[in-house]
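A.B. asks: Everything below, folded, please.
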Amino acid sequence: MCRMQFLIMSLNERAHKLAHEMAERREELNVSVSTLKNGTNVIDAGIHARGGLMAGIYLSRITLSDMAKVRLTASDVDFIKVPSVEVATDSPILATMASQIAGWKVSVGNFFAMASGPARVLAKKPKKLFEEIKYEEKSDVAVVFLECSTMPNEEVASEIAKACGVHPTGLYVAVAPTNSVACSVQVSARIVETGIHKLHSLGFDITKIESGFGVAPIAPVVGDETRCMGATNDCIMYCGQAYYTVRYDDLDKLRSFVEKVPSSTSRDYGKPFYDTFKAANFDFYKIDAGIFAPAVVTVNEIKSGKTFVSGKVNPGVLLESFGVKKV
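C.D. replies: Presented below is the predicted three-dimensional model:
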């Protein structure tokens with residue numbers, strides 16, 4: 001049973017409060033807010049609105065249901081210092097797997113987007129994951145983030161609300177395209193989540209993770225959505241660092257898990273993700289899913305006091321992905 005199941009405020013209530021705050025600060029954050037005919041509120045952080053770094057921090061906090069501290073910092077990537085995002089949480093499974101992970105494909109008519117945020121809890125997307133972590137909640141409000149380049153309409157919002165079991169007026173939808181500053185921030189803020197997701201895919205009991213911390217560079221806007229998708233993923237794969245505290249009795253087994261987590265264990269490691277994606281004819285199913293992981297993973301086992309570290313940073317590949325030219 002997830003130890004944070006009995007929250008004073010549900011994940012959706014926490015995110016809804018934060019979305020309302022974001023809407024109130026629209027001018028400061030360079031976002032726009034609109035209300036669809038069915039009553040759903042939509043926050044645009046980059047499709048038509050300018051958005052920016054601070055809008056990206058809000059999107060990150062919303063996808064994490066405000067169960068993590070998220071702040072801007074800086075990282076040294078070879079010869080330059082780049083903006084980065086730092087994430088810390090003592091509720092790692094709720095913040096990431098129950099909320100942040102993009103585990104819901106929203107497809108309505110010609111509209112498609114990957115959805116993340118606590119609305120997934122209500123819609124049980126994906127159902128198997130929520131059965132594993134044993135978390136569920138009831139809420140009259142729902143909040144979802146859609147990574148997309150087209151504004152969702154009433155039909156899209158109504159389908160999401162229906163899946164969540166809420167009235168459309170209780171739904172907040174935040175949006176930003178892949179090739180936007182705000183979206184770059186929220187992707188890098190998935191540094192803790194990607195490590196947990198990789199551990200989960202390897203068969204590790206993720207309920208043993210008690211806290212998570214991570215830092216990753218934020219990608220510049222490098223071109224169209226596909227190129228930006230590559231650069232944002234590269235931030236985590238080549239320079240992202242994640243740290244976890246766990247309670248796990250079998251230290252040899254834990255060491256084995258840690259060794260397998262970093263992106264460098266993937267057969268597709270070593271070049272910008274866009275190049276890998278292009279070589280695979282832009283088919284995700286031809287790419288090793290193991291590449292989607294932090295560059296470096298550190299795990300501290302609390303009872304034994306042992307700490308294991310695996311992986312390496314590769315700033316050269318990241319700068320190539322960014323298209324950095326020293327002048």
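
A.B. asks: Kindly confirm my reading that A74 forms part of a helix.
C.D. replies: No: counting by DSSP: H, G, I helix; E, B strand; the rest coil, A74 is located in no helix; its state is strand.

A.B. asks: leaving aside the residues next to it on the chain, what's closest to T265?
C.D. replies: G290 (6.2 Å; C-beta to C-beta, 6 or more residues apart in numbering). C-beta: built from backbone N, CA, C; applies to glycine.

A.B. asks: And the one you found, how far from T96?
C.D. replies: 18 Å (C-beta to C-beta, to the nearest Å).

A.B. asks: Could you check which of these two is surrounded by more residues?
C.D. replies: Between G290 and T96, counted using other C-beta atoms under 10 Å, the more crowded position is T96 (30 against 19).

A.B. asks: Can you name the residues that contact the more buried one?
C.D. replies: Neighbouring residues of T96 by C-beta atoms under 8 Å, 6 or more residues apart in numbering: 64, 89, 190, 192-193, 196-197, 212.

A.B. asks: which of those residues has the most neighbours?
C.D. replies: L64 (33 neighbours).

A.B. asks: in the stretch 1-150 of the chain, which spans are strands?
C.D. replies: 32-35, 41-44, 69-77, 80-89, 104-108, 111-116, 142-147 (DSSP state E, counting those that start in this stretch).

A.B. asks: how about these in JSON lines, adding distance to A161?
C.D. replies: Compiled in JSON lines, the strands of the stretch 1-150 of the chain are given as follows (distance: least, C-beta to C-beta, whole Å):
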{"stretch": "strand 32-35", "distance to A161": "14"}
{"stretch": "strand 41-44", "distance to A161": "12"}
{"stretch": "strand 69-77", "distance to A161": "27"}
{"stretch": "strand 80-89", "distance to A161": "28"}
{"stretch": "strand 104-108", "distance to A161": "12"}
{"stretch": "strand 111-116", "distance to A161": "12"}
{"stretch": "strand 142-147", "distance to A161": "7"}
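
A.B. asks: so of the ones you listed, which one's packed in deepest?
C.D. replies: Sort the strands of the stretch 1-150 of the chain by mean neighbour count, taking mean count of other C-beta atoms under 10 Å, and strand 142-147 sits at the top with a mean of 29.

A.B. asks: and it, what does it pack onto?
C.D. replies: helix 11-24, helix 53-63, strand 104-108, strand 111-116, helix 119-123, helix 154-164, strand 171-176 (3 or more C-beta pairs under 8 Å, 6 or more residues apart in numbering; DSSP states H and E).

A.B. asks: by contact count, what packs against the longest one?
C.D. replies: The contact analysis (3+ C-beta pairs under 8 Å, 6+ apart) places helix 11-24 against strand 41-44, helix 53-63, helix 119-123, strand 142-147, strand 171-176.

A.B. asks: tell me the average confidence for it?
C.D. replies: Across helix 11-24, pLDDT averages out at 98.

A.B. asks: Dump it to PDB, keeping only the CA atoms.
C.D. replies: Taking only C-alpha atoms (Å, rounded to 0.1, in the frame of the first residue of the first chain), the coordinates of helix 11-24 have been written out as PDB:
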ATOM      1  CA  LEU A  11      -3.400  14.800  -6.000                       C
ATOM      2  CA  ASN A  12      -5.900  16.300  -8.300                       C
ATOM      3  CA  GLU A  13      -7.000  18.800  -5.700                       C
ATOM      4  CA  ARG A  14      -3.400  19.800  -5.100                       C
ATOM      5  CA  ALA A  15      -2.700  20.200  -8.900                       C
ATOM      6  CA  HIS A  16      -6.000  22.100  -9.300                       C
ATOM      7  CA  LYS A  17      -5.100  24.600  -6.700                       C
ATOM      8  CA  LEU A  18      -1.700  25.100  -8.500                       C
ATOM      9  CA  ALA A  19      -3.400  25.400 -11.900                       C
ATOM     10  CA  HIS A  20      -5.700  28.100 -10.600                       C
ATOM     11  CA  GLU A  21      -2.700  29.900  -9.200                       C
ATOM     12  CA  MET A  22      -1.000  29.700 -12.600                       C
ATOM     13  CA  ALA A  23      -4.000  31.100 -14.200                       C
ATOM     14  CA  GLU A  24      -4.100  34.000 -11.800                       C
END
